[in-house]
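Trainee: One predicted model, sequence on top.
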Amino acid sequence: MSDQNIGKPVPRKEGRAKVTGAARYVDDLAVPGMLYGVTVRSHVARGRISEIIFGDRIPWDEFTVVTARDIPGANAVALILNDQPYLADRIVNHAEEPILLLAHEDKYLLEEARRAVRVEIEPLPAVFSIEDSLAKKEIVWGEDNVFKSFLVEKGNVDEVWDSPGLVVVEGVYATGAQEQLYIETNGVIATASREEGVVVQGSMQCPYYVHKALVKLFDLPEDKVRVIQTETGGGFGGKEEYPSMIAGHAALLAWKSGRPVKMIYDRAEDMTATTKRHPSRTRHRTAVTRAGQLLGMEIDFVIDGGAYATLSAVVLSRGTIHAAGPYNCPNVRIRSRAVATNAPPHGAFRGFGAPQSIFALERHLDKVAAAVGLAPEELRRRNFISRGETTATGQVIREEVDMGALLDRAFELSDYHAKRERFSRENVGNKIKRGIGFASFMHGAGFTGSGEKYLQSVVGCEATAEGRVRVLAASTEIGQGTNTIFAQIAADALGLDYERVEVVRPDTASVPNSGPTVASRTCMIVGKLVESAALQLKQTLAGAGLLQEPYTAEEFERACREYIEKNGALKSFSQYRQPEGVEWDDEHYRGDAYGAYAWAVYVAEVSVDTLTYEARVEDFVAVQEVGRVIHPVLAAGQIEGGVAQGVGWTLYESVVWAGGRMANGQMTNYIIPTSADIPPIRVHFFENPYAGGPAGAKGIGELPMDGPAPAILNAVEHATGVRFDSVPLTPEAIMEALEGEAVKA
Amino acid sequence: MNPFTYKRATDQSGAIREVAGNANAKFLAGGTNLIDLMKMNVQQPAELVDINRLALKRIEKTPTGLRIGALASNSEVATNALVRENFPVLSEALLAGASPQLRNMATVGGNLLQRTRCYYFMDTAFPCNKRVPGSGCPAIPGFNRIHAILGASDKCIAVHPSDMAVALAALDAVVNVEGAAGARQIPIIDFHRLPGDTPHVDTNLRADELIVSVDLPSSAFARRSRYLKIRDRAQYAFALVSVAAALDVQQGRIGAARLALGGVAHKPWRALEAEKILTGAQANAQTFKAAAEAVVKDAVPQKHNAFKIELARRAVVRLLSDVAGVMTGGAA
């Protein structure tokens, strides 16, 4: 293996096409004879459909109309529990639930027709909050509104509370929904017929998820369904499960009409009807010695899954496992539940439950520190996990971990101690209050527990007679750099130039299933498979006596040509195998939850204007250990983007709910930060190569979403002296709290 | 977007005739508001008359001040040296609005005519008295954080989103218009309307009238004028509350004062009561606080925007203090 490409900022594979406008997104494509499709959706949160009325003045005979009765296979989006219908049949369970599909070649007439359909729905009582769902105010899902629950137990937390000399600290923390707001909205083009099968191309993260869903929806053999990813303008989890829905809808219209159908959501539909980050509520009860030793943590973590189960069980799983953080506490109990409400289903979003539970923990630990009279960093230092110690699930940390060193570096880069002291002094009498705070955390890479074992991902490598190498994987490029890092990894494994490697567009007809593009797994898990498939290619050539190390590109090319002339195609495939000694007990939620963790300490500096109550992040330092960095610019970009998204979640992005529907589904009133709102972000990587990752790399994509919210609110507390325990933190909330203080004073 | 016909006007009277002759025609200038509304099916004009080729872009000195052509772009006005020197509040307000790309396209006339609006107006899934008269106002019982605290009616609580128009209100601007029935001048304070029972009508401009220019009279207070905009993020957001203030201060005493607010009402809100308190008074914290109280005296909050009243108070005090160069001290 050479070291020519890894660690270097090689040009992005798809960068030129994107910046020159040559990249073709799904809405740039057209197919002859194509119709447009739209969705008629529920206007109430829960109810019984009594009648569908097709209004006057629309030539309905020109339209393709699809209802639940037109579905050839199962009317359920195949995912985990398969409880979500493609089209509501009699009952609707959330606002914006799809009821009926329309297609026509004239977009304008189609829009008029959509408005001319009136769906009469008798409303049923609905549930809109975690509290009401838990209290079973109305049973809206299953027997008890609970999609999934977990119990993680370590030691015996029940025995610690009465120990003498302990301090017990309690707190409740909440987080709100968040829209992914990828630049490109959801969209697909479908062709479908019984004879030819179903072909869907579109914007997505997980072609094989869509494939699986379409097979069930149309009751077709697997080889009669083909899914192709087009250039994708961002995902952030928002294109993990939802594309299965829109792909199914377009394909149903194509199936019935016999014509290709394009379906593209506009921004308002994409914002109100598709998934968002799960809102959460976490209760903490912590036992700590006066010396700052954590003795017991009892954590109750609840997320709002919306109306259908979708991915809530696995979002809950990740949130549960991360709830106790990178600390060594002997007694831990984490109880968690994902509950149903009549909101549109919440779904995957960068971090996948971990940002919610980490927010709670890292706010809570500042409270615990104050309760025992320690500085926030001192409390954490006394409890940081290190090699040989165990996480909440009992996973023994086998890698070298030095959270203290990350903390030192982050404090040094941010000038934490001096600023902490100076701001405290200067804030007295200043209208603008400044503060600095931090959070320390970890994020597991890859699927949780046995997930990777069940996925059994496969990656292929193919060499052409010209000595070019093609990586075959279903992992998608969605702006994060998949194609670039796969090419770097394969090129170095083979000792070739980066330009010699091409990453094939994901198409289920031609690439193996390397699993979904989620869970910070693309680099670490799939990248490792790319590396071993590439190495196998080399071994095949060596085994055939055609190649000997060291070799030149010309020698490689000759070897490929001779091999192909003699044996035909030169391909190798590598399948995931769980590393030795990794054990996971799904029933008791114990064991090795993740193959590896990334570790981090983030520091935020804020200002709070006591005249306008505006809180701003003025400076940000992100220090993390992510194994080997494959591409320094893309890696830093992942961190910066995640921090920006975290700043948005914390201070700006407020989903306003009215009767279970997002009331601010427009970019003018759902406020995301602009570049002018984002502080300088200083990114620093510690590189501690991980044996299970390609060239030592670990996962990185989700990590930066975890730290900003608690770091920022810890800083706001330092600035204002007031505790805020929920996000988003709006100026109104700050005003209410500060004015409340003033009234008391 | 609905299909429509497009005509490019080559002369002013022809453009006016074209629009006067078709009840469903509209002038098209920068298109930064109208095209959005058409894309979202909020407005569906059958015909657009493109006036961008008309000679209405000039910014020129007049004996009494400055005349700004209706097609001058927001960027051109904001960076114009005469504007910056004599009417700084206008430059600041323009630069606080939209984004550089939008300011390059948006015109002075178009900015004045952008719709008074809220998110229910923009979302055709909801009824809206402004979009469909008589259909109802979902903002009043609904989520109404950005809405009006002054001058609202039980038919509409939307606010005018312009920053520029707030500055113009503080500068005693006059809007020059021409229509089928001839030319006339409309003082800025009379240009926009309160909603009353007819919230679908935003301005007192007649359908066939074209804005040709805006006159700014020179004054001492105009030269000492500033704009403060408070919003949900640093750029690219409408004002929650904005204030335009112009003061003529001589030896600590206020000679003349103009004060207008944005984000609080269906039109740029000129605070005449507050101006009376300011005029002739000492430029100090006490005066400014009294002026701020006068601004919000009749304010009525909606369910989700009571914060705006306090915000307006504070913004007025802060800006007046800044313009006068007076330190008011204290946390608020």
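Mentor: Yes, it's here. Computed from a predicted structure; not experimentally measured.
Trainee: The nearest residue to A:Pro125 once chain neighbours are set aside and A:Asp144, how far apart?
Mentor: Distances taken as CB to CB, 6 or more residues apart in numbering or on different chains put A:Glu138 closest to A:Pro125, at 4.8 Å, once the chain neighbours are dropped. For the C-beta atoms, the positions are set from N, CA and C on the backbone; glycine is no exception. A:Glu138 sits 12 Å away from A:Asp144, taking CB to CB, to the nearest Å as the criterion.
Trainee: Let me know whether my guess that B:Val316 is in a helix holds.
Mentor: Yes: using DSSP: H, G, I helix; E, B strand; the rest coil, the assignment for B:Val316 is a helix.
Trainee: Which residues lie in contact with it in this structure?
Mentor: B:Val243, B:Ala245, B:Leu259, B:Leu261, B:Ala271, B:Ala274, B:Phe288, B:Ala291, B:Ala292, B:Val295 (CB atoms under 8 Å, 6 or more residues apart in numbering or on different chains).
Trainee: so how many other residues sit close to the spatially closest residue to it that is not a sequence neighbour?
Mentor: Nearest non-adjacent residue to B:Val316, counting by CB to CB, 6+ apart: B:Ala292, 4.0 Å away. Neighbourhood size, B:Ala292 [other CB atoms under 10 Å in any protein chain shown]: 25.
Trainee: Hmm, B:Glu310 and B:Ala292 touching each other?
Mentor: No: B:Ala292 is beyond contact range of B:Glu310, at 9.9 Å (criterion: CB atoms under 8 Å).
Trainee: quick one: pLDDT of the residue nearest to B:Val316?
Mentor: At B:Ala292, the pLDDT value in this model is 98.
Trainee: which of the residues in the strand or helix carrying it are buried?
Mentor: Using DSSP states H and E, the element containing B:Ala292 is helix B:285-296. For helix B:285-296, burial by neighbour count (16 or more other CB atoms under 10 Å in any protein chain shown) applies to B:Ala285, B:Thr287, B:Phe288, B:Lys289, B:Ala291, B:Ala292, B:Ala294, B:Val295, B:Val296.
Trainee: Sort out which one of those lies nearest chain A for me.
Mentor: B:Ala292 (12.0 Å; CB to the nearest CB).
Trainee: burial of the nearest residue to B:Ala244 once chain neighbours are set aside, as a residue count?
Mentor: Distances taken as CB to CB, 6+ apart place B:Ala170 nearest to B:Ala244, at 3.8 Å, with adjacent residues excluded. B:Ala170 has 30 neighbouring residues, counting by other CB under 10 Å.
Trainee: Could you double-check that B:Ala170 sits in contact with B:Val89?
Mentor: Yes: with contact defined as CB under 8 Å, B:Ala170 reaches B:Val89; the gap is 5.9 Å.
Trainee: what residues are shared contacts of those two?
Mentor: B:Ser225, B:Ala244, B:Ala245, B:Ala246.
Trainee: Output those as TSV; include the columns pLDDT.
Mentor: TSV is the format used below for the shared contacts of B:Ala170 and B:Val89 (pLDDT from 0 to 100):
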residue	pLDDT
B:Ser225	97
B:Ala244	98
B:Ala245	98
B:Ala246	98
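Trainee: Which one of those residues is nearest to chain A?
Mentor: Checking the shared contacts of B:Ala170 and B:Val89 one by one against chain A (CB to the nearest CB), the nearest turns out to be B:Ala245, at 15.4 Å.
Trainee: For the stretch 151-300 of chain A, which segments count as helices?
Mentor: A:207-218, A:242-257, A:267-273 (DSSP state H, counting those that start in this stretch).
Trainee: of all these, which lies closest to chain B?
Mentor: When the helices of the stretch 151-300 of chain A are compared by CB to the nearest CB, helix A:267-273 sits nearest chain B, at 6.5 Å.
Trainee: Any residue of the closest one touching chain B?
Mentor: Yes: using CB under 8 Å from any CB of the partner chain, we find that helix A:267-273 touches chain B at A:Ala268.
Trainee: Using PDB, write down the CA coordinates of that helix.
Mentor: What follows is helix A:267-273, C-alpha atoms only, in PDB (Å, rounded to 0.1, in the frame of the first residue of the first chain):
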ATOM      1  CA  ARG A 267     -39.700  23.400  -1.000                       C
ATOM      2  CA  ALA A 268     -43.000  23.900   1.000                       C
ATOM      3  CA  GLU A 269     -44.000  20.300   0.400                       C
ATOM      4  CA  ASP A 270     -40.600  19.000   1.100                       C
ATOM      5  CA  MET A 271     -40.500  20.900   4.400                       C
ATOM      6  CA  THR A 272     -44.000  20.100   5.700                       C
ATOM      7  CA  ALA A 273     -44.500  16.600   4.400                       C
END
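Trainee: could you say what helices and strands that helix packs with?
Mentor: strand A:35-41, strand A:661-662 (3 or more CB pairs under 8 Å, 6 or more residues apart in numbering or on different chains; DSSP states H and E).
Trainee: Make a markdown table out of these and add mean pLDDT, distance to A:Glu555 and mean neighbour count.
Mentor: Below are the helices and strands packed on helix A:267-273 laid out as a markdown table (pLDDT from 0 to 100; distance: least, CB to CB, whole Å; neighbours: other CB atoms under 10 Å in any protein chain shown):
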| stretch | mean pLDDT | distance to A:Glu555 | mean neighbour count |
| --- | --- | --- | --- |
| strand A:35-41 | 98 | 53 | 23 |
| strand A:661-662 | 94 | 60 | 22 |
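Trainee: Dump the ones you listed to TSV, plus distance to chain B.
Mentor: Output for those, formatted as TSV (distance: least, CB to the nearest CB, whole Å):
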stretch	distance to chain B
strand A:35-41	9
strand A:661-662	9
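Trainee: Mind putting those into CSV with distance to A:Ala116?
Mentor: Formatted as CSV, the helices and strands packed on helix A:267-273 follow (distance: least, CB to CB, whole Å):
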stretch, distance to A:Ala116
strand A:35-41, 10
strand A:661-662, 21
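Trainee: returning to what we had before: which one of the helices of the stretch 151-300 of chain A has the most crowded surroundings?
Mentor: helix A:242-257 (a mean of 27; mean count of other CB atoms under 10 Å in any protein chain shown).
Trainee: now the angle between strand A:35-41 and that helix, please.
Mentor: Inter-element angle recorded for helix A:242-257 and strand A:35-41: 120 degrees (by axes from the mean of the first three to the mean of the last three CA atoms, to 10 degrees).
Trainee: what's the angle from helix A:242-257 to helix A:207-218?
Mentor: 40 degrees.
Trainee: Work out the gap between helix A:242-257 and the centre of the chain.
Mentor: 24 Å (CA atoms, centre = their mean, to the nearest Å).
Trainee: Tell me which other helices or strands it touches.
Mentor: strand A:35-41, strand A:64-66, strand A:98-104, strand A:187-193, strand A:197-202, helix A:207-218, strand A:261-264.
Trainee: Please consider this matter closed, and thank you.
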